[in-house]
Every structure is written in structure tokens, then in C-alpha cells.
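# When you get a sec, could you give me coordinates for this:
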Amino acid sequence: MSIDRAVMAFAGVMILLGLALAQIYSPYWLLLTAFVGLNLLQASFTGFCPLAIMLKRLGFRSEAAFS
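Residues are numbered from 1 along each chain as shown. Below is the predicted model of the structure:
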């Protein structure tokens with residue numbers, strides 16, 4: 001799996017998890033969803049993604065977005 005796909009998969013899981021936890025426990029879990037969305041937005045402009053850096057160190061191969 002490439003870094004690009006791993007980042008998108010992780011973001012999707014975190015968004016769905018935040019929505020589920022907000023539905024079950026507290027609306028404050030929507031802050032997690034907002035954080036993930038803001039991080040994706042800033043990564044699209046700056047190219048800086050902490051998760052991509054960690055995945056690169058773990059040996060995931062990089063493609064166009066996070067090279």
C-alpha cells in the first residue's frame with residue numbers, strides 16, 4: 001500500500017469513527033472529525049502531513065502526493 005492510499009484510508013476511518021462516537025456518546029467527538037478535515041485541507045496546500053512522514057519511516061512507498 002502506498003503512503004497516499006494509507007493516509008486517505010486512515011483519514012476516512014478517523015472521520016467515520018468520530019461520527020459514530022458523536023452519535024453514540026457526545027457531540028464533542030465531532031471535533032475529531034473537524035481536526036481530520038482541517039489537517040487534510042492544510043496538507044493539500046502545504047504538502048506537510050505528519051502521518052505521511054511516519055508512514056515513510058515505516059517503509060511505505062511514496063507516490064505523487066507525499067514524495
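
# Next one: residue 5 from residue 60, what distance?
For residue 5, the distance to residue 60 (C-beta to C-beta, to the nearest Å) stands at 9 Å. All C-beta atoms are positioned from the backbone trio N, CA, C, and that covers glycine.

# Neighbour count: the two, which is higher?
When residue 5 is set against residue 60 and neighbours are counted by other C-beta atoms under 10 Å, the residue ahead is residue 60, at 18 against 12.

# Just give the nearest non-adjacent residue to that one, would you?
Leaving out its chain neighbours, the residue that sits closest to residue 60 by C-beta to C-beta, 6 or more residues apart in numbering is residue 3, at 4.8 Å.

# what separates the one you found from residue 27, distance-wise?
32 Å.

# need the helices for this structure, in chain order.
For the chain, the helices defined by DSSP state H occupy 3-24, 30-46, 50-57.

# Residue 39 against residue 49, yeah?
Yes: assessed by C-beta atoms under 8 Å, residue 39 is found in contact with residue 49 at 7.4 Å.

# So for these two, which residue has more residues nearby?
residue 49 (21 against 17).

# any idea of the pLDDT on the closest residue to that one other than its chain neighbours?
The shortest distance from residue 49 to any non-neighbouring residue, by C-beta to C-beta, 6+ apart, is to residue 43 (4.3 Å). Listed pLDDT for residue 43 reads 91.

# Residue 61 too?
pLDDT, residue 61: 87.

# same check, this time on residue 55
According to the prediction, residue 55 has pLDDT 92.

# Okay then, goodbye and thanks.
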